[in-house]
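A.B. asks: just a sequence and a predicted model for now, questions to come.
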Amino acid sequence: MEMRIRSVGVALRFAESVLLAPGQRHARRNAWTAVCEDRRHAADRRHDATESGTAGGAAGTAGARSVRR
């Protein structure tokens, strides 16, 4: 398999993509884990707010405003 490299920049980008691909994959996995954890925390906060009856409080009004937009 013969591959022609047109410039030094192309060669460097290719080498970077080959060498850093596992790290990028790991970073994406970490980011997605953080997103899922944030969603769980938000769901817990909503659940706690409804259990404690603070639906009319500051947290409830902020949520209502964002829904109406």
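C.D. replies: Yep, it's here. Numbers count the residues shown, from 1 in each chain.

A.B. asks: which ones are touching residue 28?
C.D. replies: Counting by Cβ atoms under 8 Å, 6 or more residues apart in numbering, residue 28 touches no other residue. Using the backbone N, CA and C atoms, a C-beta is placed for each residue, glycine as well.

A.B. asks: what's the helix or strand for it?
C.D. replies: Per DSSP states H and E, residue 28 falls inside helix 8-52.

A.B. asks: any idea how far that helix is from the chain center?
C.D. replies: Relative to the chain's own centre, helix 8-52 is displaced by 5 Å; criterion: Cα atoms, centre = their mean, to the nearest Å.

A.B. asks: give me the residue ranges of the chain where confidence is low.
C.D. replies: For the chain, the stretches flagged by pLDDT under 70 are 1-3, 5, 54-69.

A.B. asks: measure residue 42 to residue 35 for me?
C.D. replies: For residue 42, the distance to residue 35 equals 11 Å [Cβ to Cβ, to the nearest Å].

A.B. asks: now swap in residue 7 and tell me
C.D. replies: Using Cβ to Cβ, we find residue 7 at a distance of 37 Å from residue 35.

A.B. asks: and stretch 4-13, how far apart are its ends?
C.D. replies: Criterion Cα to Cα, to the nearest Å; first-to-last residue distance in stretch 4-13 is 14 Å.
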